[in-house]
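Student: curious how this folds, go ahead:
(2 chains)
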Amino acid sequence: DTEVTQTPKHLVMGMTNKKSLKCEQHMGHRAMYWYKQKAKKPPELMFVYSYEKLSINESVPSRFSPECPNSSLLNLHLHALQPEDSALYLCASSSKPTTSGGPNYYEQYFGPGTRLTVT
Amino acid sequence: TQLLEQSPQFLSIQEGENLTVYCNSSSVFSSLQWYRQEPGEGPVLLVTVVTGGEVKKLKRLTFQFGDARKDSSLHITAAQPGDTGLYLCAGASGTYKYIFGTGTRLKVLA
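Tutor: Numbering: from 1, shown residues only, chains lettered A, B, ... in the order given. Here you go, the predicted structure:
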């Protein structure tokens, strides 16, 4: 099973609202990711958690606040967003290193995304 | 800054035709992944290539990793409407970090 689930599927929020996006995986993956994807563009990395600790923050504004309560869950808390933050927010998780006789590599599996609209 | 350029950006072809999508960089990647994404959905992992010169086949899809691990290609034989989507390559850049390519939008007409 390579399923990553995300809720909600769609979210509309005003600029003064506080909301959260949720992501869950039960594959035993120890790295989890948040990406932002604008229309017709590739995903842009926002955050990476490794073993429940934040390991990468790609200079994301503080109005986005990630949280990893346990190894299966990843949240993204949203506050005071701007209309330009409207996008598809993707969660992913990464498998354990796999060695094929060469370098270790990780495979990412994505959830279906949350379509966020900020009004 | 590591960049992955894909070409072509857009491709519209008839069912049954063959096509090749390219993913190029001046940087070396330890591994490279290919994804297909449909509108409003998350990318779906198709394949991971790791060794320079490696060729992997997935039914009508053939993936190749360049000898120097800086480039990759995806060849689709006898394209079908179900192949329509956004094709993305992603190179591993350090631990847990992936650099995505610029994307190729494919439309296969019945």
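
Student: contacts, neighbours, all on C-alpha from now
Tutor: Fine.

Student: quick check: residue B:78 touching residue B:14?
Tutor: No - taking contacts as C-alpha atoms under 8 Å, residue B:78 lies outside contact range of residue B:14: 9.3 Å.

Student: return the residues of chain A in contact with chain B.
Tutor: By the rule C-alpha under 8 Å from any C-alpha of the partner chain, the part of chain A lying against chain B is A:31, A:41-45, A:48, A:88, A:90, A:94, A:100, A:102-103, A:105-113, A:115.

Student: for chain B, longest strand please?
Tutor: The longest strand of chain B (DSSP state E) is strand B:85-92.

Student: ok, the helix or strand of chain B with the lowest mean pLDDT: who's next to it in the sheet?
Tutor: Least confident element among the helices and strands of chain B, by mean pLDDT, DSSP states H and E: strand B:98-100 (a mean of 91). Looking at strand B:98-100 with DSSP bridges, its partner strands are strand B:85-92 (antiparallel).

Student: give me the distance from the strand it pairs with to the chain's centre.
Tutor: How far strand B:85-92 lies from its chain's middle: 5 Å, per C-alpha atoms, centre = their mean, to the nearest Å.

Student: which residues sit against stretch B:17-33?
Tutor: A:103, A:105, A:107, B:2-8, B:45-51, B:65, B:68-79, B:89-93, B:101, B:104 (C-alpha atoms under 8 Å, 6 or more residues apart in numbering or on different chains).

Student: name the residue of chain A that lies nearest to chain B.
Tutor: Nearest residue of chain A to chain B, counting by C-alpha to the nearest C-alpha: residue A:112, 4.3 Å away.

Student: how many other residues sit next to the closest residue to that residue other than its chain neighbours?
Tutor: Nearest residue to residue A:112, sequence neighbours excluded (C-alpha to C-alpha, 6 or more residues apart in numbering or on different chains): residue B:42, at 4.3 Å. Other residues lying near residue B:42 total 24 when counted by other C-alpha atoms under 10 Å in any protein chain shown.
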